[in-house]
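Engineer: I need the structure of the sequence given here:
(one chain, ligands or ions: 1)
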Amino acid sequence: MRKRKISRTGTLIAFEGIDGTGKSTQIKLLADWLRAQGEDVVATREPTDSVYGRRIRELYVNRGACTPEEELELFIEDRKLHVKDVIRPALNAGRTVLTDRYYYSTAAYQGANGLDVKQILQRNRFAPQPDLVILLTMPPELSAERISSRGGQVNAFEQLSYLRRVSEIFASFAEPWICRIDAVQPVTSVRDQIRNALSRL
Ligand code: TYD
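Structural biologist: Just a heads-up that it's a prediction; the model follows:
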């Protein structure tokens, strides 16, 4: 067992995948379901609303405002605060944490931006390892379609060619705690498969 898991009693579940795969819908469904069974659930997300998260959101309209390394730094600093202020305290209190994105997003998105995926993962070793990662999969073409059908501006992280590279990196992860679910299926099927995946815990 890796050191990162010692002295915690809660459960950490991360939802990952390219934009438009329905992570936030599924997190809400799962949180409601778990709460109905009396579980103490914290639903959270990255980027957070910290000073770093706010700077990250500024990049949606002007990604060229910083270098890939500086961008990586912002995601890591944002996560350090998230871990310290939200994730660790909740795990130590025995709660179930559902996070919309975690360090696999950094590996995939900042990796697709030209940085080394292994090094990115190493720089995230401060972050507790999730007990389960729900990786929602979908062809990037469909994801791009869903994003544009939402209306509004497609942000700098949501361009199709970029999402294709992000998707390939997500596909390369092979840890046993990663559970891939086809997000093209109806919401209720995805929901049921997520519930099934939890039985592994
Ligand atoms: P998203 O989940 O869409 O957040 P919100 O809608 O609340 O602003 O994430 C924003 C974008 O940031 C998304 O395209 C993925 C990207 N991202 C990274 O590039 N690296 C990361 O480490 C994280 C957490 C997100």
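Engineer: The helix or strand containing residue 122 - contacts with which helices or strands?
Structural biologist: In this structure, residue 122 sits in helix 117-123 according to DSSP states H and E. Contacts defined by 3 or more C-beta pairs under 8 Å, 6 or more residues apart in numbering; DSSP states H and E place helix 117-123 against helix 68-82, helix 103-112. Using the backbone N, CA and C atoms, a C-beta is placed for each residue, glycine as well.
Engineer: What are the contacting residues of it?
Structural biologist: Residues from elsewhere that reach helix 117-123 (C-beta atoms under 8 Å, 6 or more residues apart in numbering): 72, 76, 103, 106, 107, 108, 110, 111, 169, 172.
Engineer: That one close to the ligand?
Structural biologist: No - among the residues of helix 117-123, none lie within reach of the ligand under C-beta under 6 Å from any ligand atom; the closest is 8.8 Å away.
Engineer: Show me which residues of the chain sit near the ligand.
Structural biologist: By C-beta under 6 Å from any ligand atom, the part of the chain that sits against the ligand consists of 19, 45-47, 57, 75, 100-101, 105-106, 109-110, 157-158.
Engineer: pLDDT (mean, whole number) over stretch 63-73?
Structural biologist: For stretch 63-73, the mean per-residue pLDDT is 94.
Engineer: Can you list the buried residues in it?
Structural biologist: For stretch 63-73, burial by neighbour count (16 or more other C-beta atoms under 10 Å) applies to 63, 66, 71, 72.
Engineer: And for stretch 94-107?
Structural biologist: Of all the residues in stretch 94-107, those buried under the rule 16+ other C-beta under 10 Å are 95-107.
Engineer: cool, and stretch 160-177?
Structural biologist: For stretch 160-177, using 16+ other C-beta under 10 Å, the buried residues are 162, 163, 164, 165, 166, 167, 169, 170, 173.
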